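# sequence and computational prediction follow.
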Amino acid sequence: MVATETIATDRPAISIALAGNPNAGKSTLFNTLTGSRQHVGNWPGKTVERKTGELVHNGRRVVITDLPGAYSLSAYTQEESITRDFLLAERPDVVVAVVDAANLERNLYFVVQLLEFETPAVIVLNMMDVASRRGLTFDLGKLSQALGSPVVPTIARNEDGLDEVMSAAVGAASLSSQLFALDYGPEIEGEIDRLLPEIERHPAVTDQYPARWLAVRLLEDEPDIASRLSRLPGGAGLVDLAEKSRMQLSQALGEDVDLVIADRRYTWIHQLVARVLRTEREESISFSDRIDHIITSRWLGIPIFMIAMWVVFKITTDVSAPWVDWIDGVLSGPISRWTLVLLSAAGLGESWIASLLVDGVIAGVGGVLAFVPVLLSLYFALAVLEDSGYMARGAFVMDRLMNRIGLHGRSFLPLMVGFGCSVPAIYATRTLTNQRDRILTGLLVPFMSCGARLPVYVLFTAIFFPAQASLIIMGLYLLGILVAILVGLVLQRTLLPATAAPGLVMELPPYRLPNARSIRYQMWLRTRAFLQHAASLILLASLAIWLLMAVPMGGQGKFADTPVENSVFARISGMTALALRPLGFGTWQSGGALISGLVAKEVVISTLGQTFGAEIELAEGVGGSFLADLGEIATSFVAAVGDTLRALPGIVGINLGGEKGAAAPGLAMAIRNSFDTSSGGHANAAGLAFMVFVLLYTPCMATIAAEKHELGTRWALSSFFGQLIIAWLAAFAVFRIAAWLGG
Amino acid sequence: MMTPVFWTIVAVVVGLSISTAAVMTRRRDSNRHQSPVDEGLACHAVPGWRPLVDCPRNCDACLRCLHVDRCVVHRLRELGLTPGTEIRVVQDAGGPMLLSVRGSRVALGRDLAKQIWVEIDSPASTLDKLPVT
């Protein structure tokens, strides 16, 4: 028999929402169900990841939305309001509530609220293996009966029970919603009964909200429910009625109604769990707790965390570096050559099209692809840290220190990654759960001096301060941190005031072995999201610079074949030089280097070389045959693998040294003379100011693109202009003080 | 010629640290003025209740009174911390406290732990671990 899967296209797709507490295995379930047919994006206007996926079950198309992990359905946090709004607005056919079987009682608090939503539900009792290892057994029949919904036991990471989940969900989709009514006691039930007929009199209201759910929410005095309701016809009257009911109730009960309601829910759950859950042996101190005694301890906690961060930093820099070089080598070598060969064959060898393709498009694509190994390695490290449960411990350990500067314990990791590259660091702010903390941390990331800025320091200290090179470089890194702290403190007092939550409240998930497939999905999907969202901006910026360099000014030269000093680029750089004059380096060459540094800080030096006419010798490979080129790609690939393997032991050790700027003496002289003239004899002061400016000014286009993708356009623009101003002021101060001191 | 530049760096770094310190001190002062919610509920008046922060590691206790902001009460509630809940202190390393609550581990900032009042179970077994007050 051949099982042919035919998709019933005439029937609409079933929409399923996956909901549950964080760490209940929701994402693992989602990944195993949908595989790579996923779309990762952000919820509109939010910094929370939105994931949807598709699959076909028994011929029915199913669309699954992975809702953010939440602890309840009230709207106190971003995740909670997203979950609630999705359920209200999109009305999925089925809600699949994922429950950590080993942590039933707490998880059921959220499930009960989901059930009150009156959407057909399936309860997935996940991580049954962990539960049974702890000696827990469940009476699934009783549980299912009490909750009025099917209960399916699963072990998502082993793909156990997934078919049953889908069958139950597809089955539930065709059922009409069932009323799940938890008994809140005579006083509250009395008020609910009084409110219900009033609510049901307004079809505009019942269209949007399940009646009993709304009654309970109104009595709970939920934030923003009242204001939303007031906008509906008849809603304002209901709000007033509920207000009166709530007053009477809190007087009769002697407590806030929402506290009583929560208490009743927990009591009901507690009694239910007592009936359905049997513990075979009493758990003493668990394995997780024993690890926590060491990992979160007073003396070892921070050192262990620092080692972990060091490893992440090395993974995102050293391990990915050979691959970045390989991609760069392949694009600038064989690919560029092949393009030129093909173009010459078409008779376009020396035309502007060749220049556009090689210097504009291929260079731009290279600029995008160079981030792929970096991001893959970052997402690998993040996934391991998150999935193992260590990330939450790191936040726990760092909380006190980071609180001093008004940041969250989790802010440390993105800032640390920022010393490697700002782009993955911006994406690393995803580990922060609060929108405000994410924006704040994301804005501070570019002040961490990234790896691409180091060559500039190396070159300039070699020219201006050969004796104190390492001291000054160290000082620049410290300056970046200090400015970040200051900017952070200013932002907290102005644009991003601290939310009312004083201090840390966070669940620490139990330690788990990371799952290889889950890590792979996270790496690939998130990197793909970067390519989709940020790539175009980086490519555009690169093309814009090419165009500026290609267009001649003042009659000499022709398009795409013009000396740099005659291009529009030089003219624009000349204009920026006016603004840079007070900083001591107001020349069109420095201005041009800084402008091209907007595309990528890596090119600051090569632009300086270009504009000073002292071309740094580029490794110009001799164009070999096609086969030789292929061979070269392969051998350099093998070399990259080797370099990566060699970099792995280096993760543990500290690998200083290397990275010595082999500046061409001609370039050094040219820069020195130019700075001497432009600063009126204070070349050293100007050189220092230039380094400070490079440290602090507008992050590269890729970072801006990442900020736009992660934090929104408004914050990306603030970062763009804010840092420009900060850099100008700091460089001005440094130049004036240093010149005054006689530098 | 190099030394002035070196001193410039020192001056900038020192200047920035001083201003940072100044801003932070002011922040701490403003925090001091804005005292925690002190209406009605006088938890500490009940004999036998003590702030959570005074519970040593491995101490079992029963949550009695949450003397914190309404929004935080809500957050704690959804993590399972309601009055009457049995908790255990898993870690107390001077920073936030790590608790075992309804089978999960919850980290609580130290300032919060000062405003949460608990009753320690079976005093006979745990009282000797308590700091003498």
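Sure, I can see it. Numbers count the residues shown, from 1 in each chain, chains lettered A, B, ... in the order given.
# low-confidence stretches in chain B?
B:1-14, B:16-45, B:122-133 (pLDDT under 70).
# tell me how it divides into domains.
Structurally, chain B divides into domains by automatic domain parsing as follows: B:1-34, B:43-129.
# all helices for chain B, in order.
B:2-33, B:70-78, B:110-114, B:123-126 (DSSP state H).
# ramachandran angles for the residue in chain B that chain A sits nearest to?
Residue of chain B nearest chain A, by CB to the nearest CB: residue B:109 (2.6 Å). The C-beta positions use only the backbone N, C-alpha and C, and glycine is treated the same way. For residue B:109, the backbone dihedrals (degrees, to the nearest 10) come out as phi -60, psi 150.
# show me the contacts for residue A:328.
For residue A:328, the contacting residues are A:366, A:370, by CB atoms under 8 Å, 6 or more residues apart in numbering or on different chains.
# report the separation between it and chain B.
34 Å (CB to the nearest CB, to the nearest Å).
# same deal with residue A:611?
Taking CB to the nearest CB, one finds residue A:611 at 25 Å from chain B.
# that residue and residue A:591 touch, don't they?
No - Residue A:611 is beyond contact range of residue A:591, at 9.1 Å (criterion: CB atoms under 8 Å).
# which neighbours do the two share?
residue A:573.
# what sits against the residue of chain B closest to chain A?
Contacts of residue B:109 by CB under 8 Å, 6+ apart are A:399, A:403, A:502-505, B:96.
# for chain B, what is the nearest residue in the stretch 301-450 of chain A?
residue A:400 (4.0 Å).
# how close does that residue sit to residue B:96?
Going from residue A:400 to residue B:96 by CB to CB, to the nearest Å gives 7 Å.
# so between those two, which is more surrounded?
It is residue B:96, of residue A:400 and residue B:96, that has more neighbours when counted by other CB atoms under 10 Å in any protein chain shown, with 28 against 17.
# can you report how many residues lie near the one residue in the stretch 401-550 of chain A that gets nearest to chain B?
Residue nearest to chain B within the stretch 401-550 of chain A: residue A:503 (2.6 Å; CB to the nearest CB). If you count neighbours by other CB under 10 Å, residue A:503 ends up with 19.
# now it, nearest residue through space, not along the chain?
Nearest non-adjacent residue to residue A:503, counting by CB to CB, 6 or more residues apart in numbering or on different chains: residue B:109, 2.6 Å away.
# check what pLDDT the spatially closest residue to residue A:682 that is not a sequence neighbour gets.
Excluding the flanking residues, the one nearest residue A:682 by CB to CB, 6+ apart is residue A:739, at 4.0 Å. According to the prediction, residue A:739 has pLDDT 89.
# helix or strand: which one has residue A:739?
If you go by DSSP states H and E, residue A:739 is part of helix A:713-740.
# before we move on, what about residue A:412?
Applying DSSP H and E, one finds residue A:412 within helix A:412-417.
# any part of that helix near chain B?
No - Helix A:412-417 does not reach chain B (CB under 8 Å from any CB of the partner chain); its nearest approach is 13.4 Å.
# max-length strand in chain A?
strand A:49-57 (DSSP state E).
# that one pairs with which strands?
Under the criterion DSSP bridges, strand A:49-57 sits next to strand A:38-42 (antiparallel), strand A:60-66 (antiparallel) in its sheet.
# does residue B:71 touch residue A:75 like I think?
No - the criterion here is CB under 8 Å, and residue B:71 misses it with residue A:75 at 11.4 Å.
# which of the strands paired with strand A:49-57 has the lowest average pLDDT?
Among the strands paired with strand A:49-57, strand A:38-42 scores lowest, at a mean of 70.
# quick one on the thing from earlier: against which helices or strands is the following helix or strand past the helix holding residue A:412 packed?
Elements were assigned by DSSP H and E; along the chain past helix A:412-417, the next helix or strand is helix A:422-428. Contacts defined by 3 or more CB pairs under 8 Å, 6 or more residues apart in numbering or on different chains; DSSP states H and E place helix A:422-428 against helix A:371-388, helix A:412-417, helix A:516-550, helix A:701-711.
# need the residues of the stretch 451-600 of chain A near chain B, please.
Applying CB under 8 Å from any CB, we find that the stretch 451-600 of chain A lies next to chain B at A:465, A:467-468, A:471-472, A:475, A:478-479, A:482-483, A:485-486, A:489-490, A:493, A:500-510.
# spatially nearest residue to residue 90 (excluding sequence neighbours)?
Let's take chain A. Counting by CB to CB, 6+ apart, the residue nearest residue A:90 is residue A:15, at 7.1 Å.
# meant chain B, my bad for not saying
With sequence-adjacent residues excluded and distances taken as CB to CB, 6+ apart, residue B:90 is closest to residue B:98, at 4.4 Å.
# try residue A:668
Spatial nearest neighbour of residue A:668, chain neighbours left out: residue A:463 (4.8 Å); criterion: CB to CB, 6+ apart.
# my guess is that neighbour meets residue A:687, correct?
Yes - counting by CB under 8 Å, residue A:687 is a contact partner of residue A:463 at 6.5 Å.
# the two: who's more crowded?
Each of residue A:463 and residue A:687 has its neighbours counted (other CB under 10 Å); residue A:687 has more, 28 against 20.
# what about residue A:371, neighbour count?
For residue A:371, the neighbour count with other CB under 10 Å is 27.
# look up how far residue A:721 lies from it.
For residue A:371, the distance to residue A:721 - CB to CB - is 24 Å.
# what about the residue nearest to residue A:357 when sequence neighbours are not counted, neighbour count?
Distance criterion CB to CB, 6+ apart; nearest residue to residue A:357, sequence neighbours excluded, is residue A:339 at 5.4 Å. For residue A:339, the neighbour count with other CB under 10 Å is 17.
# doesn't residue A:339 belong to a strand?
No - assigned with DSSP: H, G, I helix; E, B strand; the rest coil, residue A:339 falls outside any strand and is helix.
# wait, what's in contact with it?
Applying CB under 8 Å, 6+ apart, the residues near residue A:339 are A:354, A:357-358, A:362.
# what's near enough to touch residue 52?
Going with chain A. Here residue A:52 is in contact with A:38-39, A:63-66 (CB under 8 Å, 6+ apart).
# actually it's chain B I care about, not the one you picked
Residue B:52 neighbours (CB under 8 Å, 6+ apart): B:61, B:89, B:97, B:99, B:108, B:113-114, B:116-118.
# residue A:124: what secondary structure?
On the basis of three-state DSSP, residue A:124 is classed as strand.
# and the closest residue to it other than its chain neighbours, how far from residue A:699?
Leaving aside its chain neighbours, residue A:124 sits nearest to residue A:98 (4.8 Å; criterion: CB to CB, 6+ apart). To residue A:699, residue A:98 is 38 Å away according to CB to CB.
# so between the two, which is more surrounded?
Each of residue A:98 and residue A:699 has its neighbours counted (other CB under 10 Å); residue A:98 has more, 30 against 27.
# that one should be in a strand, yeah?
Yes - assessed with three-state DSSP, residue A:98 lies in a strand.
# that one reaches residue A:27, doesn't it?
No - shown here, residue A:98 and residue A:27 do not form a contact pair, counting by CB under 8 Å, at 9.3 Å.
# okay, and the common contacts of the two?
With CB under 8 Å, 6+ apart, residue A:98 and residue A:27 have no common neighbours.
# so the residue of the stretch 301-450 of chain A closest to chain B sits right up against residue B:97, yeah?
No - the pair residue A:400 / residue B:97 is not scored as a contact, 11.4 Å apart, by CB under 8 Å.
# out of residue B:71 and residue A:75, which sits in the more crowded spot?
residue A:75 (20 against 15).
# does the more buried one belong to a helix, a strand or coil?
coil.
# show me the contacts for it.
Contacts of residue A:75 were listed using CB under 8 Å, 6+ apart, and they are A:81, A:84, A:222-225.
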